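1. With the sequence up front, the predicted model follows.
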Amino acid sequence: MTASFNHIGVVGAGAWGTALALTAGRAGHNVTLWVFEPDLAALLAETRENKTFLPGISLPREIRITHDMADLASCNALILAPPAQHMRQICQTLTGPIAKTVPLVIASKGIELTSYRLMSEVVSEVLPENPVFVLSGPSFATEVAKNLPAALTLASEWNVESLAQALSSPFFRLYTTDDIIGTQIGGSIKNVLAIACGIVSGRKMGENARAALITRGLAEIVRLAIALGARPETLMGLSGIGDVVLTCSSMQSRNMSLGFALGQGKELSAILAERKSVTEGISTAAAALGLARRHGIEMPVVTAIDMILRGKATVDDSIVSLLSRPLRNETI
């Protein structure tokens, strides 16, 4: 354990935030898990189980659970894991209790819908003096919580190696990069691709179609990432193709399962009414499309999914539209 990071705070007690609190504890740190809902905080503290978002996983007594932001004041690093569209509001509440030297690790995957800003940009706008890191990669919360092996990317222009060492454990390996933009683009837009792959599976269009969709979707991700200043090789790593392959291949993914239901003909409102967790790909589709248009980048797969989600096109019409696009050179 790195002595300078002996107290880790986790902001957000969804499935991923809860899993990350467990990993921080396994790495040998004191952990404080901040919960937005006071009733849920009290329930978690009493039962030591997040039955709403991560059922069946016991939380050790050593993990402190709180609804009071002041309890995070002594943390040496904070992991931010709220829904992406709530990141700005959460950071605004942190401006008082958190010192300007505390590293902020963004674990949320998304793009702010109102501004088309990446999460790192949102955090830096509200907390401009705090060092910002991004944690992303192929990682289902349930598997991480069960301490099954996982490898992710930790990105920052700060001293990323030191924090990666502190947060890693034998079954939770962090690889490092300074490409904070590429790390976020891959982790965000893969959720949109997962919805698309779910639709293909729900429509029983076959594995060939899903493989083609993943490949062409990844090309869209790379085009946008390069336009924003990222390195294309970042998208060939854990936070790019690694996360895409995982999320677009398993019904454990909330985004793929939502797409599967859409592909079967279910209405989006009915699907969401049955869910408690946020499906990030819905907001990310619109935000990514807005960001792409701002930079003059063509993203036909993302466009099709956004049209379906907003009720502007049917699944069948969108499939026909994608299959009717002119043939072109495969070069990204």
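-> In hand now; what should we look at?
2. Once you drop chain neighbours, what's closest to the residue minimising distance to the centre of the chain?
-> By Cα atoms, centre = their mean, the chain has its centre lying nearest to residue 109, at 2.6 Å. Leaving aside its sequence neighbours, residue 109 sits nearest to residue 187 (Cβ to Cβ, 6 or more residues apart in numbering; 4.2 Å). Using the backbone N, CA and C atoms, a C-beta is placed for each residue, glycine as well.
3. how's the protein carved up into domains?
-> Per the record, the chain has its domains at 3-178, 181-323, by automatic domain parsing.
4. For these, give me a markdown table that also has distance to residue 331 and mean pLDDT.
-> Output for the domains of the chain, formatted as a markdown table (distance: least, Cβ to Cβ, whole Å; pLDDT from 0 to 100):
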| stretch | distance to residue 331 | mean pLDDT |
| --- | --- | --- |
| domain 3-178 | 25 | 96 |
| domain 181-323 | 9 | 96 |
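5. Residue 9 belongs to a strand?
-> Yes. Counting by DSSP: H, G, I helix; E, B strand; the rest coil, residue 9 is found in a strand.
6. residues near it, how many?
-> 31 (other Cβ atoms under 10 Å).
7. cool, and residue 324?
-> Residue 324 has 7 neighbouring residues, counting by other Cβ under 10 Å.
8. Strands of the stretch 1-150 of the chain, residue ranges please.
-> 7-11, 30-34, 49-50, 54-58, 63-66, 77-80, 104-106, 132-136, 150-155 (DSSP state E, counting those that start in this stretch).
9. Off-centre distance for the shortest one?
-> When you say that, I think you mean strand 49-50. Relative to the mean C-alpha coordinate of its chain, strand 49-50 is positioned 21 Å out (Cα atoms, centre = their mean, to the nearest Å).
10. And the contacts of that strand?
-> Under the criterion Cβ atoms under 8 Å, 6 or more residues apart in numbering, residues 13, 15, 18, 40, 44, 55, 56, 57, 58, 59 lie in contact with strand 49-50.
11. Out of these, which comes closest to residue 285?
-> Each of the contacts of strand 49-50 was scored against residue 285 by Cβ to Cβ, and residue 15 proved nearest at 21.1 Å.
12. Hmm, the closest one is touching residue 144, no?
-> No. With contact defined as Cβ atoms under 8 Å, residue 15 and residue 144 do not form a contacting pair (9.3 Å).
13. Now the nearest residue to residue 325 once chain neighbours are set aside: phi and psi?
-> Closest residue to residue 325 apart from its sequence neighbours, by Cβ to Cβ, 6+ apart: residue 300 at 6.3 Å. When read as degrees, to the nearest 10, the backbone of residue 300 gives phi -60, psi -40.
14. So residue 300 versus residue 7, what's the distance?
-> Distance, residue 300 to residue 7, using Cβ to Cβ, to the nearest Å: 47 Å.
15. who's more crowded, these two?
-> More crowded of residue 300 and residue 7, by other Cβ under 10 Å: residue 7, with 17 against 14.
16. what's near enough to touch the more buried one?
-> So residue 7 contacts 29, 30, 31, 32, 74, 75, 76 (Cβ under 8 Å, 6+ apart).
17. Output those in JSON lines, with distance to residue 262 and neighbour count appended to each entry.
-> JSON lines is the format used below for the contacts of residue 7 (distance: Cβ to Cβ, whole Å; neighbours: other Cβ atoms under 10 Å):
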{"residue": "29", "distance to residue 262": "41", "neighbour count": "23"}
{"residue": "30", "distance to residue 262": "43", "neighbour count": "17"}
{"residue": "31", "distance to residue 262": "37", "neighbour count": "24"}
{"residue": "32", "distance to residue 262": "38", "neighbour count": "23"}
{"residue": "74", "distance to residue 262": "45", "neighbour count": "14"}
{"residue": "75", "distance to residue 262": "40", "neighbour count": "25"}
{"residue": "76", "distance to residue 262": "43", "neighbour count": "20"}
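18. out of those residues, who's nearest residue 304?
-> Looking across those and measuring by Cβ to Cβ, the closest to residue 304 is residue 31, at 41.5 Å.
19. surely that closest one meets residue 64?
-> Yes. Between residue 31 and residue 64 a contact is recorded at 6.9 Å, counting by Cβ under 8 Å.
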